[in-house]
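>>> 3D, please:
(2 chains)
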Amino acid sequence: MEQTNYSITDLLASAVETATGKRPNILRANIATADYGFNAFQLREGNQHIDSVIADARARIVKTLPQGITVSSAGTFINFNVSNELLSQTAGNIAENPSGGITPAHDKTMVEYFSPNTNKPAHLGHLRNLTLGKSLSATLAFLGHDVLQANLTNDRGAHICKSMLDYQMFGEGSTPESTGIKGDHFVGDYYVKYEKALQKEIAPIVAELRKKPENAAKLARKAELEKELKPIIEREKAQQEADKLAKKTTKDTRAPEEKMKIKELKKELEKLGKIDEEIKDEAKKESSLDKQVSAMLLKWEAEDPEIRALWEQMNGWVLGGFRETLDRMNVHFDVEYFESQIYNMGRDIVMDGLEKGIFERDPSGAVIADLQKLGIQKNEGKKVLLRSDGTTVYTTQDLAIAKMKMEDHKLNNSFYVVAGEQDDHFRALFGILKALGYEWVDKLKHLSYGMVELPEGQMKSREGTVVDVDDLLNELRDKVKVIAAGKGNETMSDEDADKIGKAAAQYYLLSVRPESGMKFDPKESVNFEGKTGPYILYQYVRTGKILEQADLLETAQTKTPVDFNLLQEPIEHELLLKIVEFTEKMRAVQKTMDQTLIATYVYELAQTFSNFYSKCPVLKGDKTPPELSQARLKLVEYTHTLIKQSLDLLAIETVDKM
RNA sequence: GCUUCCAUAGCUCAAUGGAUAGAGCAACGCCCUUCUAAGGCGAAGAUGAAGGUUCGAUUCCUUCUGGGAGCACCA
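Model prediction:
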């Protein structure tokens, strides 16, 4: 029985392997005259001349190629052309069964993402996290994993007590219901108010501290340095800009001593730059508000009924707010962890490690892991696992959760979707687990992603420069409605507008490699034209519309086999090649776990389709004969299926009308 | 100071060690009597610097320059 073919590159690689004994890496051709190719250097043995390698290989390969494929060569490449017949057949197989060319994993895999704090609403960083986590989960499921989506809510600690304290003082019994404010925003407002009150309280203390001779001296020196360096830095910047424009590098003519001096001054300024923060931190020690927060945290830990009741009430509000946002993003977790329930766990793991001599006890009584000794990092570094008062820290809990996850759910893989700020934390966590001898540690993976930055720089909740997820989604939804109305569509539902707006945001966030940071300009970043979510949805709507009309027209389904040789337009060939690329892309995703590959692919597919759409009428009887119409209709059908499939993997919802 | 990530077109981003480094936005010029112009077509525009490995480097290695993030009793 012949095996169903899902991959042209498989066919090609196998043919070459049979012919030459070597399996080359087949790429899509970069030139117009060929479809696929590989560099013949891959076949070379020793110092054989490349031309004879090519001639020899071609002569052999031509005998092993399946029907519908021809071979040629150009430069150091051996190239192939594939018939539309064979491409269509493969495309049909993929559309029928998109994961057919993938070896399924049969793994049980957990994806932990979101991980919010219950003191403020979700912001843009969380949206990148949600988008990546949700998409990773969908992709893993497609690859055959049995996926458990998990969330760890950080619902206790000093930061939670801050909003509690402020509410206790000024809340006056108001609630999200009584004020009409969404729960997470309601609580977040108290968190912000607390921070403001704190700044106000410490202002006089800060003023006093600034007068202390040592601080005053530092501050004066800082001002002096700033004044001195400002013109120099401005000149350097201007020079760099000018060089960039002129595409050259101007030689730095300053004397070496001068350069050294400037460098040292810059370093000194950088150190002094922290003086303001240091003074504030010192002032906070005097703050009655911060003392009250600490007292409240102690009461919480002692399970004081009044504090616990307030905590439960406020957390309930926040979680209710999160639930709304998550529902809107279609995120549903299978497993929910709460820090309040696990923050005390992990002590036994640490004590066990201490007994075995893996950890050490600090003179102060704290238990620490020496990261250098454990071979986790080259340079000096220590991590506290139990505080000197015996209480646990973040790392302690994470040791416990990792173990709990692996053992309770018998996982084959455990992904943590967490921002790159915590790269060191995960390196240490995994290293410590390895030192403790847990053999499953290799199954833990940190999917790290970069910060989302605004044009003004990093988002800071205290400075009110955060982009709130709910606000952003609302703005996008409204913008979509305005655009739709401008195009004559006055009746678009809120639901569709919301889907299109979300697609814009999600696609933008998924179009950048996770590890790199990204800039987000609220005014410009989320467009609706060009390489965007709405563009892809628009092409999807077009495919759907054609298929719908075809259904209406062809009341009697033609049973004659479709003749794909009727497809003579270059763009039809290109579209087939793009459709068939789906399997290769998914194999790459399987290897790299990088969903942005899918984002790129689905855009290219949509773009190729759009080109096809403008050049090749499908259902215009006067221009397109029925047989050709039928063949083109198949291309539309395959495209429709694979855009939908790809968007599913990105966790982007589709609409039927735009 | 140490660790780590990054540097590609005016801007935002692509490119498993392979062919002429791709897109989108912005700016310029065309195309709606044609399945929805949130569209299509055209022209213009780039690998931070210097070395090294290789038949071949945006990709790997070293140094430099510039940016982000992190550096034990927060999470």
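>>> From here on, just use CA atoms for contacts and neighbour counts.
Will do.
>>> which residues of the stretch 301-450 of chain A fall in helices?
Along the stretch 301-450 of chain A, the stretches classed as helices by DSSP state H, counting those that start in this stretch are A:305-328, A:339-342, A:347-355, A:394-409, A:423-435.
>>> pLDDT score for A:M260?
On the pLDDT scale, A:M260 is placed at 64.
>>> swap that for A:N154, sorry
93.
>>> I'd assumed A:F114 was in contact with it.
No: if you go by Cα atoms under 8 Å, A:N154 and A:F114 don't touch, sitting 10.4 Å apart.
>>> could you measure the residue sitting furthest away from the middle of chain A against A:A283, distance?
Of all residues in chain A, A:P213 has its C-alpha farthest from the mean position, at 48.5 Å, by Cα atoms, centre = their mean. Using Cα to Cα, to the nearest Å, one gets 16 Å for the distance from A:P213 to A:A283.
>>> again with A:N474
For A:N474, the distance to A:A283 - Cα to Cα - is 40 Å.
>>> which one of those two has more residues nearby?
The neighbour count for A:N474 versus A:A283, taken as other Cα atoms under 10 Å, is higher for A:A283 (20 against 15).
>>> looking at this, that one is in a strand?
No: A:A283: not assigned to a strand; according to DSSP: H, G, I helix; E, B strand; the rest coil it is helix.
>>> So what's the residue count around A:L354?
16.
>>> Bridged to the nearest residue to it once chain neighbours are set aside, which residues?
Nearest residue to A:L354 in three dimensions, chain neighbours excluded: A:E360, at 6.1 Å (Cα to Cα, 6 or more residues apart in numbering). Beta-bridge partners of A:E360, counted by DSSP bridges, are A:I368.
>>> Just to check, A:E360 is in contact with A:L371?
No: using Cα under 8 Å, A:E360 is not in contact with A:L371; the gap is 11.1 Å.
>>> Residue numbers of the stretch 401-550 of chain A in contact with RNA strand B?
By Cα under 7 Å from any atom of the strand, the residues of the stretch 401-550 of chain A that approach RNA strand B are A:420-425, A:450-451, A:458, A:480-481, A:483-484, A:487, A:500, A:511-520, A:524-525, A:528-532, A:534-535, A:538, A:541-542, A:545-546, A:549.
>>> Please say which of A:N154 and A:F114 ends up with more neighbours.
For A:N154 versus A:F114, the count of surrounding residues by other Cα under 10 Å is larger for A:F114: 26 against 18.
>>> Surely that one forms part of a helix?
No: counting by three-state DSSP, A:F114 falls outside a helix, being coil.
>>> That one and RNA strand B: what is the separation?
12 Å (Cα to the nearest atom of the strand, to the nearest Å).
>>> Phi, psi for that residue please.
phi 80, psi -70 (degrees, to the nearest 10).
>>> I'd say it and A:L132 touch.
No: the criterion here is Cα under 8 Å, and A:F114 misses it with A:L132 at 9.6 Å.
>>> what touches both of the two?
A:V417 (Cα atoms under 8 Å, 6 or more residues apart in numbering).
>>> my guess is A:K383 meets A:K373, correct?
No: contact criterion Cα under 8 Å: A:K383 and A:K373 do not qualify, at 11.7 Å.
>>> any idea of the pLDDT on the nearest residue to A:L374 once chain neighbours are set aside?
Spatially, and ignoring its direct neighbours in sequence, A:L374 is nearest to A:A435 (6.8 Å; Cα to Cα, 6+ apart). The model reports A:A435 with a pLDDT of 92.
>>> ok, now A:K248?
Value listed for A:K248 in the pLDDT field: 45.
>>> Equivalent analysis for A:L635, please.
pLDDT, A:L635: 96.
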